[in-house]
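Visitor: this one's structure only:
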Ligand code: SAH
Ligand code: SF4
């Protein structure tokens, strides 16, 4: 059946808010303040989803805690990208039997990508009786209704039906910080990289309307946010489903046109859709960070094809050349998978040589993890975990060396940075980020958090830069 882009009517979100008010009366009506804990795993999209969960919970009257023994409601927002994340979730959810025993009546919900997989929802149903409520990413917009259903019936609720997903506007949000904000511009993924579970659990690619994105960005700027990250699994295909002739570069320009002093970042970019227009727009938009996270995944054409990435090494390298032509100071980061089924020593060496050639500022490296239902899970793989670990270690060594060398090049330079938080340490008590997103530790007045300052870089290592604040 052809895919039809769905939106959730705003009246339905209003109904959810009315349910929040009902729950408020029930749990917080007599002036007591119940507490909720939201535990988030995985990517920035999940962080953004948790802000919606907290928005709804706040409307239901809950305050927030990080201590499961103090929480009346616990929501675990899960990730399915790698087995390691799933194991951590299951271990931690299992351990909640202790807090539930200590606090009878504690409500435990598990949501997000992991439970959108049928076998995982089943596993929780059978083996984790401590869990009361289970819902996938497509049901998040009606979390209040699901909560109420459980509160009324005390019967376990499972809402994880397969779905292409929809776009829901108007869900209340409770953001974590005051300086940096996530802003989802689209949901889902159509790319079906053969190793990846995301398209199966997050549904089809669907974009928010540009006016909704711009209105939210404007609101963030008015509230004083200084660092806005536009989020999507593949932001470069933004707008394709809208059919109104607005692409990601156009959207960047619209956000850049909002008056105010702030930085625009975005992630993730898929190399198959990164265009010269995008690089040119980034260079021309004064608020746009000169940073691109462009996951290459592998350096061998055979492996890239088996991954269904739709680009080859040559196209990727020429894209980088174009991007650097427009932005000579471009900071480049990437994701790499080591040990894709059948990846040989020679093929892995091609990943190493690509990384040497590009010289990434930072690399996020992962050992391939088999995901149920993906095509790669059925591919033959003669290599052992130990073989993969050896490759992984070599790649890490290279990545650390290059990051260290690139960071050393900053020493002696003075850069504009945004102070985004306190570190809790004496010597360097403030953390900040360069336009390119590099971490800089500084010493200074905590009142400077949220401000742009000039920083002179005095030292560096593989992971960070160190500096001192200088007068403008
Ligand atoms: N949409 C983004 C990334 C989503 S997942 C993109 O395409 O770039 C984040 C990263 O996790 C991916 O870039 C990939 O490097 C890694 N990843 C995804 N599935 C994986 C798997 N099965 N095993 C190991 N790493 C995986
Ligand atoms: Fe997964 Fe590929 Fe989609 Fe990224 S682009 S979410 S790696 S399928």
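Guide: That came in fine, so what should we check first? Please read these numbers as outputs of a predicted model, since none were measured by experiment. Residues are numbered from 1 along each chain as shown. Ligands and ions are numbered 1, 2, ... in the order given.
Visitor: kindly report the residues of the stretch 101-250 of the chain close to ligand 1.
Guide: Contact residues (C-beta under 6 Å from any ligand atom) of the stretch 101-250 of the chain with ligand 1: 195-196, 198, 233-234. C-beta here means a position set from N, CA and C on the backbone, and glycine is covered the same way.
Visitor: show me where the stretch 251-400 of the chain has its strands.
Guide: Applying DSSP state E, counting those that start in this stretch to the stretch 251-400 of the chain gives strands spanning 263-267, 291-293, 331-338, 362-367.
Visitor: name the helices or strands packed onto the first one?
Guide: Which is strand 263-267. strand 227-231, helix 248-256 (3 or more C-beta pairs under 8 Å, 6 or more residues apart in numbering; DSSP states H and E).
Visitor: please work out which residues outside the last one touch it.
Guide: Residues from elsewhere that reach helix 248-256, judged by C-beta atoms under 8 Å, 6 or more residues apart in numbering: 185, 210, 213-214, 217, 228, 230, 235-239, 264, 266, 275, 277-278, 280-282, 284-288.
Visitor: for this structure, what's the longest helix?
Guide: Ranked by residue count and defined by DSSP state H, the top helix of the chain is helix 385-408.
Visitor: and the next helix or strand past it?
Guide: strand 414-422 (DSSP states H and E).
Visitor: quick one: the strands of the stretch 251-400 of the chain as JSON lines, columns for mean neighbour count too.
Guide: Listed next are those as JSON lines, based on neighbours: other C-beta atoms under 10 Å:
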{"stretch": "strand 263-267", "mean neighbour count": "22"}
{"stretch": "strand 291-293", "mean neighbour count": "23"}
{"stretch": "strand 331-338", "mean neighbour count": "21"}
{"stretch": "strand 362-367", "mean neighbour count": "18"}
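Visitor: for this protein, what spans make up the helices?
Guide: Applying DSSP H to the chain gives helices spanning 10-28, 44-59, 83-102, 113-116, 118-127, 143-153, 198-202, 210-222, 248-256, 276-284, 301-306, 313-326, 345-358, 385-408.
Visitor: ligand 2 contacts on the stretch 201-350 of the chain?
Guide: Taking C-beta under 6 Å from any ligand atom as the criterion, the stretch 201-350 of the chain approaches ligand 2 at residues 233-234, 270.
Visitor: which one of those residues has the most neighbours?
Guide: The most neighbours of any of those, using other C-beta atoms under 10 Å, belong to residue 234, which has 24 neighbours.
Visitor: who are the contact partners of the closest residue to that residue other than its chain neighbours?
Guide: In this structure, residue 234 finds its nearest non-sequential neighbour in residue 270, 4.2 Å apart by C-beta to C-beta, 6 or more residues apart in numbering. Counting by C-beta under 8 Å, 6+ apart, residue 270 touches 191, 234, 236-237, 295.
Visitor: just flag the most distant two among those.
Guide: Farthest pair in these (C-beta to C-beta) is 237 and 295. Separation: 14.3 Å.
Visitor: give me the residue ranges of this structure where confidence is low.
Guide: Counting by pLDDT under 70, the low-confidence segments of the chain come to 1-2, 472.
Visitor: quickly list the domain ranges of it.
Guide: Split into domains by automatic domain parsing, the chain comes to 7-159, 177-289, 295-409, 414-470.
Visitor: and the nearest residue to residue 449 once chain neighbours are set aside, how many neighbours?
Guide: Spatially, and ignoring its direct neighbours in sequence, residue 449 is nearest to residue 419 (5.3 Å; C-beta to C-beta, 6+ apart). By other C-beta under 10 Å, the residues close to residue 419 number 25.
Visitor: contacting residues around residue 419?
Guide: The contact partners of residue 419, taken as C-beta under 8 Å, 6+ apart, are 179, 430-432, 442, 444, 448-453.
Visitor: ok, now which ones touch residue 425?
Guide: Residue 425 neighbours (C-beta under 8 Å, 6+ apart): none.
Visitor: could I get the phi/psi values of it?
Guide: Per-residue torsions, residue 425: phi -100, psi 160 (degrees, to the nearest 10).
Visitor: quick check: it vs residue 464, distance?
Guide: As judged by C-beta to C-beta, to the nearest Å, residue 425 and residue 464 stand 12 Å apart.
Visitor: what's the answer for residue 394, then?
Guide: 23 Å.
Visitor: tell me the phi and psi of the residue at the greatest distance from the centre of the chain?
Guide: The centre of the chain is farthest from one residue, residue 30, which by C-alpha atoms, centre = their mean lies 37.7 Å away. Dihedral pair for residue 30: phi -90, psi 20, per degrees, to the nearest 10.
Visitor: who's in contact with the residue in the stretch 201-350 of the chain that ligand 2 sits nearest to?
Guide: Closest residue of the stretch 201-350 of the chain to ligand 2, C-beta to the nearest ligand atom: residue 233 (4.1 Å). Contacts of residue 233 were listed using C-beta under 8 Å, 6+ apart, and they are 45, 186-189, 191, 198, 202, 205, 268.
Visitor: and residue 404, by the same measure?
Guide: Counting by C-beta under 8 Å, 6+ apart, residue 404 touches 460-462.
Visitor: check the gap between it and residue 362 for me.
Guide: Using C-beta to C-beta, we find residue 404 at a distance of 11 Å from residue 362.
Visitor: just residue 308 next, same as before
Guide: For residue 308 relative to residue 362 (C-beta to C-beta), the value is 25 Å.
Visitor: over to residue 301?
Guide: Note on residue 301: its distance to residue 362, by C-beta to C-beta, is 24 Å.
Visitor: so what's residue 336 bridging to?
Guide: Beta-bridge pairing of residue 336 under DSSP bridges involves residue 297, residue 365.
Visitor: dump the residue contacts of it.
Guide: Taking C-beta under 8 Å, 6+ apart as the test, what residue 336 contacts is 295-298, 351, 355, 363-366, 395.
Visitor: so can I have a markdown table of the domains of the chain showing distance to residue 167?
Guide: Shown next, in a markdown table, are the domains of the chain (distance: least, C-beta to C-beta, whole Å):
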| stretch | distance to residue 167 |
| --- | --- |
| domain 7-159 | 5 |
| domain 177-289 | 5 |
| domain 295-409 | 25 |
| domain 414-470 | 28 |
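Visitor: for residue 171, find the nearest of these.
Guide: Residue 171 lies closest, by C-beta to C-beta, to one member of those: domain 7-159, at 4.8 Å.
Visitor: and the residue lying closest to residue 214 once chain neighbours are set aside, how far is that from ligand 1?
Guide: Leaving aside its chain neighbours, residue 214 sits nearest to residue 254 (5.2 Å; criterion: C-beta to C-beta, 6+ apart). From residue 254 over to ligand 1 the distance is 23 Å, taken as C-beta to the nearest ligand atom, to the nearest Å.
Visitor: now swap in residue 411 and tell me
Guide: In terms of C-beta to the nearest ligand atom, residue 411 sits 31 Å off from ligand 1.
Visitor: what does residue 92 give?
Guide: The gap separating residue 92 from ligand 1 is 21 Å, by C-beta to the nearest ligand atom.
Visitor: same deal with residue 46?
Guide: Taking C-beta to the nearest ligand atom as the measure, residue 46 falls 11 Å from ligand 1.
Visitor: what is the neighbour count of that residue?
Guide: Look at residue 46: counted by other C-beta under 10 Å, it has 20 neighbours.
Visitor: what do you get for residue 3?
Guide: Around residue 3 sit 12 other residues, with neighbours defined as other C-beta under 10 Å.
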